[in-house]
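Enquirer: This is a predicted model, with the sequence first.
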Amino acid sequence: MLRVSLPNNGWTPRPHQIELWKYLRAGGKRALAVWHRRAGKDDVCLHHSAIAAWERVGNYWHCLPEYNQARKAIWTAINPHTGKRRIDEAFPTELRANTNDTEMFIRFHNGSTWQCIGSDTYNTTVGASVAGIVYSEWALANPSAWAYHRPMVEENNGWATFITTPRGRNHAFSLFQHASRDPGWFCELLTAADTGSLTAEALAEALKEYTALYGADVGRAQYQQEYFCDFQAAILGAYFAIEMAQVRAERRICEVEALPGEMVHRAWDLGVADDTSIWWFQIQGAQIIILDHYASSGVGVDHYAEVIEKRGLEHGWLNGNDYVPHDAKVKEWGSGRTRVETMKTLGLNPILVPMATFQDGINAARRTLPLCVFHPRTEETGIAALEQYRREWDDDKKAFRSSDVHDWTAHPAAAFRYLALAWRGIQHREVAVPKPEGWRIPPPADDRRGIRL
């Protein structure tokens, strides 16, 4: 009779991995490991998932920020020390009933399944039942994925493990703050100095490479982020790094409310299969009060109209305009109507944002952000997106491309660009509003007008 031992192939946790391993194997339900690059985060979680899938029949997922990343980082990745695929090391073929390479899916003989998924396509998991999830590179993932998956995990008394290196003070930082205070969570931050898993020579070489690629300042920031888990380090290539740092430094994330009797407007980025993103905002004197943010995907305009109506009633907001990009006037297949026409039938007030180049939108957003005060409820998805929205990096040319990274941050950023291009054309009363300490009004920028439809 064939006998297989788990963890497979004699794998054992390294000294710095033991505390997380013990917590998971003892049945822990929530874990956050902020570990430095090359600390073996995924290896620990893959081996834990293998044992968990054999002990309890269920579905288990390993979630990367983007679905396409999962194939390279996990499914086909080779362990350079052994020359074997990572999934073959963790999930011995003797325990598998079948392996689907196309869907990155494994079914075990006991009925359990394990699969790679992406936070960018989290809505494709609708109706699924899951017993355990690993969110790898959580700081780069769409935070909406956990909001979507959490009820499934709780319904099954399952577990969720988040592993990451920092990417600024985004949703991963917020989760770290929460987990470090909540006794129901395992929370650990390990730098290269803590683990001793990299030699001083290896670290020095890494710093030298980062400096050569990005320059002294940015290179050191990347080094501190990747190997010393620095949440304060600037995000490489972020479009709004300076402006968002000022938002936090000047404490412009605070409890602000809409003025009664004044309209609350919305700025949209309209997607079809992709996310649609909406910002709620109100002009108060020289300030732009950012009241809320919402994003979803795979649903129609009627869904967003319901969300808008519900939030308007909940907060007592006076219904304002809906600023939408020019492609909203293109007719949709099937209905033969434009999205603008559909929005009007649902009681919305669409206005086309002035045509502008991508760079014009970026510049408008940079001029607008110093005027903005954000409500804390926008932080997890809205502010986090603005902080992480970044240019693509060309590994061959060792330079940034002019294009953006089209991940989950792109849609909230696009909607904010439309807000920035539209808000100066809004008619509003001048009101006296207290300003946060240290806040300054920048010089006025060019006026832009929306087109009423």
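Expert: Noted; the coordinates are in hand.
Enquirer: Do a quick rundown of the strands in the stretch 51-200 of the chain.
Expert: Along the stretch 51-200 of the chain, the segments classed as strands by DSSP state E, counting those that start in this stretch run 59-64, 78-79, 84-85, 96-100, 105-108, 113-118, 132-136, 159-164, 186-190.
Enquirer: which residues of the chain score low on pLDDT?
Expert: 1-2, 272-274, 331-336, 395, 398, 427-453 (pLDDT under 70).
Enquirer: Make TSV out of the strands of the stretch 51-200 of the chain and add mean neighbour count and distance to residue 279.
Expert: Bear in mind the C-beta positions are built from the backbone N, C-alpha and C, glycine included. Compiled in TSV, the strands of the stretch 51-200 of the chain are given as follows (neighbours: other Cβ atoms under 10 Å; distance: least, Cβ to Cβ, whole Å):
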stretch	mean neighbour count	distance to residue 279
strand 59-64	24	26
strand 78-79	12	43
strand 84-85	13	43
strand 96-100	12	40
strand 105-108	19	37
strand 113-118	22	25
strand 132-136	26	26
strand 159-164	23	26
strand 186-190	19	31
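Enquirer: Between those, which one is closest to residue 288.
Expert: With Cβ to Cβ as the measure, strand 159-164 is the member of these nearest residue 288 (31.5 Å).
Enquirer: Output the closest one as PDB - backbone C-alpha positions only.
Expert: Listed in PDB are the C-alpha atoms of strand 159-164, where the atom choice follows Å, rounded to 0.1, in the frame of the first residue of the first chain:
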ATOM      1  CA  TRP A 159      -9.700  30.000   7.300                       C
ATOM      2  CA  ALA A 160      -8.000  32.900   5.500                       C
ATOM      3  CA  THR A 161      -4.300  33.700   5.400                       C
ATOM      4  CA  PHE A 162      -2.900  36.900   4.000                       C
ATOM      5  CA  ILE A 163       0.800  37.000   3.000                       C
ATOM      6  CA  THR A 164       2.500  40.100   1.600                       C
END
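Enquirer: can you state the direction angle for that strand and strand 186-190?
Expert: For strand 159-164 and strand 186-190, the angle between their directions (axes from the mean of the first three to the mean of the last three Cα atoms, to 10 degrees) works out to 20 degrees.
Enquirer: and strand 159-164, which strands flank it?
Expert: Neighbouring strands of strand 159-164 in its sheet, by DSSP bridges, are strand 30-35 (parallel), strand 132-136 (parallel).
Enquirer: Phi, psi for residue 378 please.
Expert: Backbone dihedrals for residue 378, given as degrees, to the nearest 10, come out at phi -90, psi 0.
Enquirer: mind listing what it touches?
Expert: Shown here is residue 378, whose contacts under the criterion Cβ atoms under 8 Å, 6 or more residues apart in numbering are 279, 290, 291, 292, 293.
Enquirer: hmm, try it at 10 Å
Expert: By Cβ atoms under 10 Å, 6 or more residues apart in numbering, residue 378 lies in contact with 253, 279-281, 290-294, 372, 384-386, 412.
Enquirer: quick one: residue 165 from residue 218, how far?
Expert: Between residue 165 and residue 218 the distance is 16 Å, computed by Cβ to Cβ, to the nearest Å.
Enquirer: err, residue 306, not the other one
Expert: Separation of residue 306 from residue 218 (Cβ to Cβ): 44 Å.
Enquirer: These two: who's more crowded?
Expert: Neighbour totals were compared for residue 306 and residue 218, and residue 218 leads with 16 against 12 (other Cβ atoms under 10 Å).
Enquirer: Secondary structure element holding the more buried one?
Expert: When secondary structure is defined using DSSP states H and E, the element that contains residue 218 is helix 216-228.
Enquirer: The closest residue to residue 195 other than its chain neighbours: what secondary structure?
Expert: Nearest-residue entry for residue 195: residue 16, 3.9 Å, with adjacent residues in sequence omitted and distances by Cβ to Cβ, 6 or more residues apart in numbering. Secondary structure for residue 16, judged by DSSP: H, G, I helix; E, B strand; the rest coil, is helix.
Enquirer: and residue 386, what element?
Expert: helix 384-388.
Enquirer: Now that helix: buried residues?
Expert: Under the neighbour-count criterion of 16 or more other Cβ atoms under 10 Å, helix 384-388 has 384, 385, 386, 387, 388 buried.
Enquirer: Give the full set of residues in contact with the second one.
Expert: Listed by Cβ under 10 Å, 6+ apart, the contact set of residue 385 reads 142-143, 170-171, 240, 277, 293, 295, 378, 407-416.
Enquirer: That one: what's its closest spatial neighbour, skipping adjacent residues?
Expert: Sequence neighbours aside, residue 412 is the residue nearest to residue 385 in space, at 3.7 Å (criterion: Cβ to Cβ, 6+ apart).
Enquirer: And the one you found, how close does it get to residue 174?
Expert: Following Cβ to Cβ, the distance that separates residue 412 from residue 174 is 16 Å.
Enquirer: try residue 353
Expert: 30 Å.
Enquirer: on that earlier part again, residue 227 is nearest to which of the strands paired with strand 159-164?
Expert: Proximity to residue 227 (Cβ to Cβ) singles out strand 30-35 among the strands paired with strand 159-164, at 10.3 Å.
Enquirer: now the end-to-end length of stretch 226-244.
Expert: The stretch stretch 226-244 measures 21 Å between its terminal residues, going by Cα to Cα, to the nearest Å.
Enquirer: And stretch 161-172, by the same measure?
Expert: With Cα to Cα as the measure, the first residue of stretch 161-172 is 12 Å from its last.
Enquirer: can you give me how far it is from the chain middle?
Expert: In terms of Cα atoms, centre = their mean, to the nearest Å, the centre of stretch 161-172 is found 9 Å from the chain centre.
Enquirer: going forward, begin numbering at 427 instead of 1
Expert: Sure, I'll start numbering at 427, so the last one becomes stretch 587-598.
Enquirer: Going by residue numbers, what spans are strands in the stretch 777-879 of the chain?
Expert: Under the criterion DSSP E, counting those that start in this stretch, strands of the stretch 777-879 of the chain are mapped to 798-800, 817-820, 825-830, 877-878.
Enquirer: Need those strands in a markdown table (columns: mean neighbour count and distance to residue 500).
Expert: Formatted as a markdown table, the entries for the strands of the stretch 777-879 of the chain read as follows, by neighbours: other Cβ under 10 Å; distance: least, Cβ to Cβ, whole Å:
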| stretch | mean neighbour count | distance to residue 500 |
| --- | --- | --- |
| strand 798-800 | 24 | 35 |
| strand 817-820 | 14 | 21 |
| strand 825-830 | 12 | 25 |
| strand 877-878 | 12 | 47 |
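Enquirer: mind checking which of those strands is nearest residue 624?
Expert: Of all these, strand 817-820 sits nearest to residue 624, with 23.1 Å by Cβ to Cβ.
Enquirer: Quick one: list the elements packing against the closest one.
Expert: Under the contact definition 3 or more Cβ pairs under 10 Å, 6 or more residues apart in numbering; DSSP states H and E, strand 817-820 sits against strand 825-830.
Enquirer: What is the strand it packs on packed up against?
Expert: Secondary structure elements in contact with strand 825-830, counted by 3+ Cβ pairs under 10 Å, 6+ apart, are helix 784-794, strand 817-820, helix 836-848.
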